[in-house]
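Engineer: Requesting a structural model of the entry that follows:
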Amino acid sequence: MRVCISTVSVIGPIWWPSGAVCSLDMNLTSWDIEQIRDYGNGTIDREAVEQWLCLHSGDFQHVQDFHADISDGDADYLFDWSDPDSEWIYADTLGGMED
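Structural biologist: Numbers count the residues shown, from 1 in each chain. Take a look at the predicted model:
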């Protein structure tokens with residue numbers, strides 16, 4: 001039996017403190033994946049994931065960028081950060097910045 005965990009990592013500015021960039025890691029359920037597919041009119045693509053995130057990513061003012069690894073049956077979808085610097089920004093939000 002194959003066990004898969006679908007994840008999305010998000011970065012973006014939050015509401016308070018205003019403009020502070022934070023990150024969020026989400027484990028997707030099968031219901032989440034079905035909702036993403038609905039936003040993509042039956043397909044899972046980057047635009048469908050982004051639209052789903054805009055409605056389900058908590059306290060972000062907007063989604064600045066994201067990385068997603070989604071397993072759906074026999075299909076796997078990998079959406080890398082659209083900006084190479086986003087991975088560094090994500091890492092900074094997790095570990096904090098040293099003085």
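Engineer: Now do the helices in the protein.
Structural biologist: 30-39, 46-56, 84-95 (DSSP state H).
Engineer: Could you list the low-pLDDT ranges of this structure?
Structural biologist: 1-2, 96-99 (pLDDT under 70).
Engineer: repeat that with 80
Structural biologist: 1-3, 95-99 (pLDDT under 80).
Engineer: So what's the residue count around Gly19?
Structural biologist: By other CB atoms under 10 Å, 9 other residues sit near Gly19. For glycine as for every other residue, the C-beta is placed from the backbone atoms N, C-alpha and C.
Engineer: That one: what's it in contact with?
Structural biologist: Neighbouring residues of Gly19 by CB atoms under 8 Å, 6 or more residues apart in numbering: 13, 61.
Engineer: Roughly how far does it sit from Trp52?
Structural biologist: For Gly19, the distance to Trp52 equals 24 Å [CB to CB, to the nearest Å].
Engineer: so which of the helices of the chain gets nearest Gln64?
Structural biologist: Ranking the helices of the chain by proximity to Gln64 (CB to CB) places helix 84-95 first, at 7.2 Å.
Engineer: Can you list the helices and strands that that closest one packs against?
Structural biologist: strand 6-13, strand 21-28, strand 65-72 (3 or more CB pairs under 8 Å, 6 or more residues apart in numbering; DSSP states H and E).
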